[in-house]
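1. A structural model of the following input is requested.
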Amino acid sequence: MKRATKDILYFETGPDNPPTLRVAPGEEFEVQTQLNRGPWLDTHPEGERLRGLLRGGNPSSGCVWVEGAEPAQVLTVHIGEIRLDPLGFTRFVGANGAMPGYLGGSGVGQQHKVVEISGGKIRWNDRLQIPVAPMLGFVGVALVFVLLGIIAWRIMRAALAAENNFARIFCAGFLALIFIQVAINAGMNLGLMPITGITFPFLSYGGSSLISLFIGAGVIQSIFVNPSLGS
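-> Numbers count the residues shown, from 1 in each chain. Model prediction:
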């Protein structure tokens with residue numbers, strides 16, 4: 001099996017990057033990935049060599065050329081087994097936390113943590129062990145927003161079917177509550193808004209939030225079934 005190794009790393013994407021691996025359509029190949037530079041290099045046996053190699057952030061293991069592929073074509077890639085490195089590293093910059101970066105530094109400063117990865121879990125500390133799982137990324141986020149859109153559509157249907165102002169105002173207020181929570185959470189994740197303790201509707205781990213949302217959803221369903229509710 002062909003392999004794209006860590007011998008050649010690219011730190012930017014562009015047409016000037018020569019291919020480091022050529023494969024045929026349908027051919028299986030292996031890609032080795034490289035961890036970002038950080039404090040973990042201080043104790044690594046190859047720390048000095050890696051410092052010279054890691055001249056930038058987000059290193060990419062070369063460029064793969066697929067024979068016969070034409071510009072603008074969409075290629076399907078099947079990802080097989082992922083074998084994890086026993087070392088993990090994460091970094092937090094204070095400007096992205098308590099306040100957005102465009103408002104200036106938060107004063108928290110730069111933080112980092114080196115973690116052990118074993119048994120399919122990230123060993124954050126003695127009490128916290130996080131299961132390792134592939135990230136759904138765009139597909140997962142799109143699915144969440146589609147489901148929220150269906151909920152919003154159902155709430156609007158209940159509001160239109162309601163026969164009194166109380167039911168209509170309740171539906172409008174509940175829809176606004178969900179929209180505001182989603183907007184604030186999206187802003188926090190994009191670094192556009194300060195981080196707060198507001199939960200994400202129906203997903204965040206918060207007992208009182210989930211209970212209140214499900215109670216509200218039950219009232220909305222009652223309005224849909226009985227439009228004269230509240231008269």
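2. just checking: what are the partner strands of the helix or strand bottoming out on mean pLDDT in the chain?
-> When each helix and strand of the chain is scored by mean pLDDT, DSSP states H and E, strand 87-92 comes last, with a mean of 77. Take DSSP bridges as the rule and strand 87-92 pairs in its sheet with strand 111-118 (antiparallel).
3. who are the packing partners of the next helix or strand after the partner strand?
-> Remark: after strand 111-118, the chain's next helix or strand is strand 121-123, criterion DSSP states H and E. Strand 121-123 makes packing contacts with strand 111-118, strand 129-131 when contacts are defined by 3 or more C-beta pairs under 8 Å, 6 or more residues apart in numbering; DSSP states H and E. All C-beta spots, glycine's among them, are computed from the backbone N, C-alpha and C.
4. buried ones in strand 121-123?
-> Judged by neighbour count (16 or more other C-beta atoms under 10 Å), strand 121-123 contains these buried residues: Ile122.
5. any idea of the mean pLDDT in it?
-> The average pLDDT within strand 121-123 is 88.
6. next one: stretch 127-140
-> Averaging pLDDT along stretch 127-140 gives 79.
7. hang on, isn't Asp85 packed against Gln32?
-> No - the pair Asp85 / Gln32 is not scored as a contact, 9.6 Å apart, by C-beta atoms under 8 Å.
8. so which of the helices and strands packed on strand 121-123 is nearest Ile178?
-> For Ile178, the closest of the helices and strands packed on strand 121-123 is strand 129-131, at 28.1 Å, according to C-beta to C-beta.
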